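1. this one's sequence-less:
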């Protein structure tokens, strides 16, 4: 299957700092990438849909200025958590859609802890 | 609106027992896709199966089998002769064609514990 690499896998940062998470499709071009957030023992909640070369589409209730998404190339999307606070601590996971096919592959996830 | 319901929050079985994880979905799309993913404690999502709405054939892959019934909007997952390594959280997900992005909507997940 297609490979999606997410980096870093874990990050601890101080409150007030910003953290960037990268999502790369290694062996295919991904015109569409998705960012999800998962609280402990909860389901995955879609945060935004990222399309290469255009602005991301955010789900209702997700702060655009808080969670900056950039999809500058067909193989890379980034999520920046700005001015992080402890309540932003969570597991963030990306997925990349394979071309026009209705399937997407997931990265390994990033566990963010804000102290 | 699209919705996926996994009513079973946690299931505990003894090794070698069969177990069925339920999934019920709602969608207005005529073309849609259903998925099952496994999430072990390490956190990554492991793809198990994708089924499109036009294919109601049941599928078997080793100890795993899936029962798709459009009449009841269900896509249940059965593990036969469960093993300790099957312990994980299992998510059912739905992707519809009306939203051209094919974003996935996940159920709340079922935590499966297989005891030795």
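-> Noted; the coordinates are in hand. This one's a predicted model, so the numbers in the text were calculated from it and none came from an experiment.

2. only C-alpha atoms for contact and neighbour calcs from this point on.
-> Noted.

3. Which helix or strand contains the spatially most central residue of chain A?
-> Residue closest to the average C-alpha location in chain A (Cα atoms, centre = their mean): residue A:35, at 3.7 Å. In this structure, residue A:35 is located in strand A:32-38 according to DSSP states H and E.

4. Parallel or antiparallel, which strands does that strand pair with?
-> strand A:44-51 (antiparallel), strand A:90-97 (antiparallel) (DSSP bridges).

5. residues making contact with the last one?
-> The contact list for strand A:90-97 (Cα atoms under 8 Å, 6 or more residues apart in numbering or on different chains) reads A:4, A:6, A:23, A:25, A:30-40, A:103-113.

6. and after that strand, which helix or strand comes next?
-> Using DSSP H and E, the next helix or strand after strand A:90-97 towards the C-terminus is strand A:104-106.

7. avg pLDDT for that following strand?
-> Across strand A:104-106, pLDDT averages out at 86.

8. is it up against chain B anywhere?
-> Yes - counting by Cα under 8 Å from any Cα of the partner chain, chain B is contacted by strand A:104-106 at A:105-106.

9. Show me what that strand is packed up against.
-> Judged by 3 or more Cα pairs under 8 Å, 6 or more residues apart in numbering or on different chains; DSSP states H and E, strand A:104-106 is in contact with strand A:90-97.

10. returning to that earlier point: in PyMOL, select just the buried ones from the contacts of strand A:90-97.
-> Under the burial definition 16 or more other Cα atoms under 10 Å in any protein chain shown, those of those that qualify are selected in PyMOL by:
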select buried, chain A and resi 4+6+23+25+30+31+32+33+34+35+36+37+38+103+104+105+106+107+108+109+110+111+112+113
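
11. Might you enumerate the residues of chain A proximal to chain B?
-> A:32, A:34, A:42-46, A:49, A:102-103, A:105-109.

12. tell me the most buried of the strands paired with strand A:32-38?
-> strand A:90-97 (a mean of 26; mean count of other Cα atoms under 10 Å in any protein chain shown).

13. out of the residues of chain A next to chain B, who's nearest residue B:85?
-> residue A:108 (18.9 Å; Cα to Cα).

14. Quick one: neighbours of the closest residue to the closest one other than its chain neighbours, just the number.
-> Of all residues not flanking residue A:108 in the chain, residue B:44 sits nearest, at 4.7 Å (Cα to Cα, 6 or more residues apart in numbering or on different chains). Other residues near residue B:44 come to 16 when the count uses other Cα atoms under 10 Å in any protein chain shown.

15. Before we move on, what's the pLDDT of residue B:44?
-> pLDDT, read off for residue B:44, is 89.

16. next helix or strand past the lowest-mean-pLDDT helix or strand in chain A?
-> Within chain A, no helix or strand scores below strand A:104-106, which has a mean of 86 by mean pLDDT, DSSP states H and E. As assigned by DSSP H and E, the chain's next helix or strand after strand A:104-106 is strand A:110-114.

17. Spell out which strands sit alongside that next one in the sheet and which way each one runs.
-> In the sheet, strand A:110-114 lines up against strand A:10-13 (parallel), strand A:90-97 (antiparallel) (DSSP bridges).

18. Name all residues that make contact with the residue nearest to the centre of chain A.
-> Applying Cα under 8 Å, 6+ apart to residue A:35 gives the contacts A:46-50, A:79, A:92-95.

19. cutoff 10 Å now
-> Residue A:35 makes contact with A:23, A:44-50, A:58, A:69, A:77-79, A:92-96, A:106-107, A:109, B:103, according to Cα atoms under 10 Å, 6 or more residues apart in numbering or on different chains.

20. still on that earlier bit, for the residue nearest to residue A:108, give its distance to residue B:88.
-> Between residue B:44 and residue B:88 the computed distance is 11 Å (Cα to Cα, to the nearest Å).
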